[in-house]
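**Student:** Need coordinates for the below:
(one chain, ligands or ions: 1)
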Amino acid sequence: MACKKWYMGTNTKMYKTIAQTNQFISRLQELTFDIDRSSFELFVIPSFTTLESANRCRKDNLVKLGAQNMGWEEQGQYTGEISPLMLREVGCDLVMVGHSERRHIFMETDEMENKKVRCALDHGFTVLLCIGETEQEKGAGQSNEVLRRQIQLGLAGINEKDTARVWVAYEPVWAIGVNGKPVEIGYADEKLTYIRDCLKMEFGKGGEEIPVFYGGSVNAENALPLSRCKDINGLFIGRSAWDADNFNAIIRAVQDNREKCCLAK
Ligand code: PGA
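**Tutor:** Presented below is the predicted three-dimensional model:
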């Protein structure tokens, strides 16, 4: 594990009201204020309706604030969509694109994700592109092909300098959520390295620097072993992070271990 900057974040999906989100962010900040954000970044991606007040709860940039989705035009006849200008207005700095629930429940395609990625980058946001194979694709031995396609199509047309604002989360679809199967660490390790190789192939030096996270049933038991994967830069957590105290316990376990490893180098 390199002593590079580390990232930990959560997507609260369609959970948490405005009051619950405010309480969560306030508590998370209170518990983690001492952590040096230049080497350990925290981010929260709550529902659209909570963003404005969540932004007001933020102190000293302790937590980066993200949106779970975004329309790819500034305005227009797109009922139900939220534009980059609207997200900017409520204080977002990050836009998540292509979460598996968007791809598989709402039938978003790689071409749609790419429009969102490019639009978000054009509007100055950091983009978190989520990728991952389904169980069926894994069973058919197509995982690498799927990951490569999602990277190539999702990040198509990005210019070199914009890669500095791209993050990628590897979230195998079969590992996500209440019915998710925990990933084997060796499998995650192998796929994260494959993703790093694809990013290097696409973007050269820029691809080496793109932070790559693992997500999908991350919890207090597997967070530490996952954090030791060779090509990982962070963890993206759902259920196990929705209680700020639980999230902080995971953050501390990983942080302690990183400090020891970096000191030993
Ligand atoms: P989970 O969710 O940690 O609850 O499996 C992960 C995600 O959907 O990003």
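**Student:** Find the nearest non-adjacent residue to K191, please.
**Tutor:** Closest residue in space to K191, ignoring its immediate chain neighbours: Y170 at 5.8 Å, by CB to CB, 6 or more residues apart in numbering. Any C-beta I mention is one placed from the backbone N, CA and C, and that applies to glycine too.
**Student:** Double-check that neighbour against L147; I have them as touching.
**Tutor:** Yes - in this structure, Y170 is within contact of L147 by CB atoms under 8 Å, at 7.3 Å.
**Student:** what do these two both touch?
**Tutor:** 131-132, 191, 195 (CB atoms under 8 Å, 6 or more residues apart in numbering).
**Student:** Tell me the one among those nearest to the ligand.
**Tutor:** Closest approach between those and the ligand, by CB to the nearest ligand atom: G132, at 9.4 Å.
**Student:** give the contact list for the residue nearest to K191.
**Tutor:** Y170 neighbours (CB under 8 Å, 6+ apart): 131-132, 147, 188, 191-192, 195, 212-215.
**Student:** and the ligand, which of these contact it?
**Tutor:** Checking the contacts of Y170 against the ligand by CB under 6 Å from any ligand atom, the ones in range are G215.
**Student:** Out of the contacts of Y170, list just those in helices.
**Tutor:** Mapping the contacts of Y170 onto helices (DSSP state H) picks out 147, 188, 191-192, 195.
**Student:** Which two of those have the greatest separation?
**Tutor:** L147 and A188 (12.2 Å; CB to CB).
**Student:** Quick check: the residue of this structure nearest the ligand.
**Tutor:** For the chain, CB to the nearest ligand atom, closest residue to the ligand: G238, 2.3 Å.
**Student:** What are the boundaries of the strands in this structure?
**Tutor:** 6-11, 40-45, 64-67, 94-97, 126-131, 166-170, 212-215, 234-237 (DSSP state E).
**Student:** Which of the contacts of Y170 ranks first by neighbour count?
**Tutor:** Neighbour tally across these (other CB atoms under 10 Å): the maximum, 30 neighbours, falls on Y214.
**Student:** quick one: pLDDT of that one?
**Tutor:** pLDDT recorded at Y214 is 98.
**Student:** picking that back up, any chance of the ones in helices among the contacts of Y170 in JSON lines, with pLDDT too?
**Tutor:** Shown next, in JSON lines, are the ones in helices among the contacts of Y170 (pLDDT from 0 to 100):
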{"residue": "L147", "pLDDT": "98"}
{"residue": "A188", "pLDDT": "98"}
{"residue": "K191", "pLDDT": "98"}
{"residue": "L192", "pLDDT": "98"}
{"residue": "I195", "pLDDT": "98"}
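**Student:** Can I get those residues in TSV including distance to I251?
**Tutor:** Formatted as TSV, the ones in helices among the contacts of Y170 follow (distance: CB to CB, whole Å):
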residue	distance to I251
L147	27
A188	19
K191	24
L192	20
I195	23
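**Student:** Which member of those residues is positioned nearest T10?
**Tutor:** Nearest member of the ones in helices among the contacts of Y170 to T10, counting by CB to CB, is A188, at 18.2 Å.
**Student:** so what's the closest residue to that closest one other than its chain neighbours bridging to?
**Tutor:** Distances taken as CB to CB, 6+ apart place Y214 nearest to A188, at 5.4 Å, with adjacent residues excluded. When assigned by DSSP bridges, Y214 has beta-bridge partners Y170, L235.
**Student:** who are the neighbours in contact with Y214?
**Tutor:** 169-171, 183, 188, 192, 226, 229, 232, 234-236.
**Student:** ok, longest helix in this structure?
**Tutor:** helix 244-264.
**Student:** buried set for that one?
**Tutor:** 244, 247-248, 250-251, 254-255, 258 (16 or more other CB atoms under 10 Å).
**Student:** What is the lowest-pLDDT residue among those?
**Tutor:** R258 (85).
**Student:** For F247, give me its contacts.
**Tutor:** F247 neighbours (CB under 8 Å, 6+ apart): 8, 10, 28, 237, 240-241.
**Student:** Any regions of this structure where pLDDT drops low?
**Tutor:** 1-2, 265 (pLDDT under 70).
**Student:** got the residues of it near the ligand?
**Tutor:** 11, 171, 176-177, 180, 215-218, 236-239.
**Student:** Tell me who's in contact with the residue lying farthest from the centre of the chain.
**Tutor:** Most distant from the centre of the chain: Q77, at 29.0 Å, with distances by CA atoms, centre = their mean. Counting by CB under 8 Å, 6+ apart, Q77 touches no other residue.
**Student:** Thank you, goodbye.
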